[in-house]
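1. structure for this input, please:
(chains A and B)
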Amino acid sequence: MADTNWMDGWLNSQQNYWTAWADMAQRGMKTPEAPKNPLADGLNQWWKTMSPMTPPVGREVFDKLMDVSSGYFSLVERFMNGAQQQNGPEAALNGWLDGMQKMWGEWMQGGAARSFTEAGQQFKGMTTFWDLPMDTWQRLAANVMPMPGDFTQAFHPEGGMQQQVNRFLSIPAVGYHREAQEQYQILAQRQMDYAAATQAYQTAFGKLGMATTQNFQQALKDRTKEGKPITSLRELYDQWVEMSEAAYADFVMTEEYQTLYGRLVNSLLALKQQMARMVDQTLEAMHMPTHAEINTLQCRQQELRRENLRLRKDMKAMQAQIEALRQAMLKPAAVAEKPAAAKPVAAKPAAPKPAAPAAKKPAAATKKPAAK
Amino acid sequence: MLPFDMRPDAVMQELSAYGQKLSHGMKNLMEVGEISSGVTPKTVVYREDKLTLFRFENPNKGAVPNKTPLLIVYALVNRPYMTDLQENRSTVKALMDAGQDVYLVDWGYPDRADRTLTLDDYLNGYLDRCVEVICERHRVDKINLLGICQGGAFSLCYASMHPDKVKNLVTMVTPVDFQTPDNMLSHWVQKIDVDLVVDTLGNVPGEMLNWTFLNLKPYQLMGQKYLGLLDTLDDPEALKNFLRMEKWIFDSPDQAGEAFRQFIKDFYQQNKLLNGGLVIGDTEVKLKNVTMPVLNVFAEQDHLVPPDSSRALRGKVGSKDYTELAFPGGHIGIYVSGKAQKTVPPAIGKWLDERS
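-> Take a look at the predicted model:
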């Protein structure tokens, strides 16, 4: 079967790669110049081939597993390659951590653009891991925007685009199209606000990455002192996650993060609101129902439903009251009738009171003989 | 001593094992089939708009349940089948085994036409009508109420506004103090312009809530968790369990805009449930009006609703019969873990029976 062959092929190539690597490591040889992340790249290639064959159930989970695996392999490969090329494990570790610091520095400078130098590129696979909050945010932003994808990524508050937008914003709105021009200027301003908020958020994560790297370094020193060295790649990864989660938990409870987060969400929605307003204007010009009109209708309809439900409830309560009153009115009659039945002596004076039943009985009595 | 003690051949072995697990996991994935959830048989007893009221069928034929029916009020966030996830992880089934006659409110998936639904519509409208339906069916004046998470906060509000209709109240992992210092969600939401969110989006997308919840522990929930999956990939049953949980986590209904607006503003930003001043419809919600017996169940390692947030209920309700039950686990574990199944529902059942 094709799928089994693919799996076996990938496993074999992986096995060969690591056998060769281990062989060289045991002989104390340095690895030749190789692709940056061969294992992670191989995995990605394998998944690209396999994913169309997988059933829809669970595909998303496997997609995520592959993303995470890719980041994991990048971490491992950078670390192991570093260990091969440096003089001794400690130097390798320091080299690896320096590389990480460098990548974070470039991350903060590059912001949304993320243009890494070659040194930073080597660690870029690692950002798959740090991208998690930002990546999911961008997917969310894309979902709430009327345009496909998160097109806002194309805008950066610094650089050529900013200058162009500033020029556009500085043009005074006058004349026949003044209102339309103002709307576009508001849109452009909000676009830039959102781009700035995104970059600030991302820069903060760069700082967090640097702090995590330092914490990681400290944690390794502590483990060394305690005589608990890291013995497997998975342990290395878990230690990294633990450090990242701890640094993150501290950071997101600060006032700084609260402000960054608020700004990110609010600026995205302000942008979307302006877009919706402009779409409505277009719809209105085309004599089509606008979003605002539908909202008004929905509000009115809901008010009517509430009123309807209130009336039904009131009516039900009134029916219950009427029933209670009816029962109360019947009660004295029943009460009066009971003593009459209970006391045969008093039967005579009581007889005229239940007039209606008395009137019915003779009728029934007349029917019976007729039937016979 | 060096910080690392990794032999190349061991590293090779580890990576090779990783690849094999992935490969075998792929084979299991191909054969996994449909993922079922909501396993206990149930019947629909009432429907209104998107809401469905279910009654679960007791598998213990001939058993005489508590004569006061129990209504589970789930949150608007996520889906209520979490309480009945699978045969051996079902709070509902365990409650029935503990002698309760169980009903459940399923709020459904609101769409844009539902964006104007308020908390008043949900509590004094939908929920109240469900309670009336159950009361009529059983010819009782009061029922037992069990609120979960946000549904617990709703149950507290309902019990305060309609104390004559609630015999006993059980709150599970329910936030009461929305501003404890360890409440991450609350911290994040303080500077969000909720009016802007609701006015712009109408309903609040489930994806937005997912993003928020996953960001509580992003590296564990979006990364490490999936590597952990590798260790169970070769077990088809474990893989199914994982996928079932994944399905639930990402099955997030949109939130009706107006209800979301009031919930975030009054509960999270102004903490009115605890501090007072919360008005739903025309009624002020006062915890002192909660005069029926209360059982407050919380999870000690809850990262969504910190235990202190639930414990804040102590001394705030008007009831003299107040009990707490702490479970050593997390927000989800309290419904699905084996330990929870054995301890929490039986304790709830016993507590209810003693008060019937």
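2. read off the pLDDT value for B:Gly38.
-> B:Gly38 is assigned a predicted lDDT (pLDDT) of 83.
3. also the one 3 residues further on?
-> B:Pro41 is assigned a pLDDT of 95 by the prediction.
4. state the distance from it to B:Glu237.
-> As judged by C-beta to C-beta, to the nearest Å, B:Pro41 and B:Glu237 stand 22 Å apart. Bear in mind the C-beta positions are built from the backbone N, C-alpha and C, glycine included.
5. same deal with B:Gly228?
-> From B:Gly228 to B:Glu237 the distance is 16 Å (C-beta to C-beta).
6. who's more crowded, the two?
-> With neighbours defined as other C-beta atoms under 10 Å in any protein chain shown, B:Gly228 and B:Glu237 compare such that B:Gly228 has more, 14 against 9.
7. for the more buried one, give me the pLDDT.
-> At B:Gly228, pLDDT is 87.
8. dump the residue contacts of it.
-> B:Gly228 is in contact with no residue at all, counting by C-beta atoms under 8 Å, 6 or more residues apart in numbering or on different chains.
9. so which bits of whichever strand or helix holds it are buried?
-> According to DSSP states H and E, B:Gly228 maps onto helix B:225-229. Of all the residues in helix B:225-229, those buried under the rule 16 or more other C-beta atoms under 10 Å in any protein chain shown are B:Lys225, B:Tyr226, B:Leu227, B:Leu229.
10. go ahead and confirm the third one touches A:Val68.
-> Yes: here B:Leu227 reaches A:Val68: they are 5.9 Å apart, a contact under C-beta atoms under 8 Å.
11. which parts of the stretch 151-300 of chain A are helices?
-> Ranges of helices within the stretch 151-300 of chain A are A:160-170, A:178-226, A:233-252, A:255-285, A:291-342, based on DSSP state H, counting those that start in this stretch.
12. first-to-last residue distance for stretch B:83-90?
-> Taking C-alpha to C-alpha, to the nearest Å, the first and last residues of stretch B:83-90 lie 6 Å apart.
13. what does it rub up against?
-> Contacts for stretch B:83-90 (C-beta under 8 Å, 6+ apart): B:36-40, B:56, B:72, B:74, B:91-93, B:104, B:148, B:241, B:244-245, B:248, B:335-338, B:341.
14. average pLDDT for that stretch?
-> According to the model, stretch B:83-90 has a mean pLDDT of 90.
15. contacts only, for residue 257.
-> Went with chain A since none was named. A:Tyr257 sits in contact with A:Ala204, A:Phe251, B:Trp188, where contact means C-beta under 8 Å, 6+ apart.
16. my bad, the chain I had in mind was chain B
-> Contacts of B:Gly257 (C-beta under 8 Å, 6+ apart): B:Arg115, B:Thr116, B:Val198, B:Leu201, B:Gly202, B:Asn203, B:Val204.
17. the fifth one and A:Asn295 touch, don't they?
-> Yes: using C-beta under 8 Å as the test, B:Gly202 is close enough to A:Asn295 to be in contact (7.4 Å).
18. list residues touching both of the two?
-> Common neighbours of B:Gly202 and A:Asn295 (C-beta under 8 Å, 6+ apart) are B:Arg115.
19. between the two, which is the more surrounded one?
-> Ranked by neighbour count (other C-beta under 10 Å), B:Gly202 and A:Asn295 place B:Gly202 first, with 24 against 16.
20. and the residue lying closest to the more buried one once chain neighbours are set aside, backbone torsions?
-> The shortest distance from B:Gly202 to any non-neighbouring residue, by C-beta to C-beta, 6 or more residues apart in numbering or on different chains, is to B:Arg115 (4.4 Å). The phi/psi pair for B:Arg115 (degrees, to the nearest 10) reads phi -60, psi -20.
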